[in-house]
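Enquirer: Have a look at this fold, sequence not included:
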């Protein structure tokens, strides 16, 4: 059973920083993209940042220049460094791993973590 566990959320003042981590556990043969999504109160879940297996990052416009996504494939962990946080960054942040195979011949699947709450006060 593949599981993703996020950590690092919390309450921070506007302008502050937080670093989120997401570690994958279980039997994993390979996986592709890993990403962070955010769900603000009353809104749909949206992509914040994604990083390919080769380390190429992509960001939503609102995160560009403030957030940095990185991954450690050996540790099967993805990080999101968030700087210059704004109240509109508030929400539950979910980790996603795409194209996860538990063996060479297994079908690829996507997995989600349970989320970690980030609250930015003004």
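Expert: Ah, there it is. What you see is a predicted model, and the numbers here were worked out from it, not measured in a lab.
Enquirer: so what's residue 89 up against?
Expert: For residue 89, the contact set (Cβ atoms under 8 Å, 6 or more residues apart in numbering) comprises 38, 82, 118, 120. C-betas here are computed from N, CA, C, even on glycine.
Enquirer: Bridged to the last one, which residues?
Expert: What it means is residue 120. Beta-bridge pairing for residue 120 (DSSP bridges): residue 12.
Enquirer: and it, how many neighbours?
Expert: Residue 120 has 20 neighbouring residues, counting by other Cβ atoms under 10 Å.
Enquirer: can you check the second one too?
Expert: The criterion is other Cβ under 10 Å. On that basis, residue 82 has 25 neighbouring residues.
Enquirer: follow-up on the earlier one: now render the contacts of residue 89 as JSON lines, adding distance to residue 9.
Expert: Converted to JSON lines, the contacts of residue 89 look like this (distance: Cβ to Cβ, whole Å):
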{"residue": "38", "distance to residue 9": "11"}
{"residue": "82", "distance to residue 9": "10"}
{"residue": "118", "distance to residue 9": "5"}
{"residue": "120", "distance to residue 9": "11"}
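Enquirer: how close does the spatially most central residue of the chain sit to residue 94?
Expert: Ranked by distance to the mean C-alpha position of the chain (Cα atoms, centre = their mean), the top residue is residue 36 at 2.7 Å. Residue 36 is 7 Å from residue 94, where distance means Cβ to Cβ, to the nearest Å.
Enquirer: where do the contact lists of these two overlap?
Expert: Listed as contacting both residue 36 and residue 94 by Cβ under 8 Å, 6+ apart is no residue at all.
Enquirer: tell me the secondary structure for the residue of the chain most remote from its centre?
Expert: The C-alpha centroid of the chain is most remote from residue 105, which lies 26.6 Å away (Cα atoms, centre = their mean). Following DSSP: H, G, I helix; E, B strand; the rest coil, residue 105 is assigned to coil.
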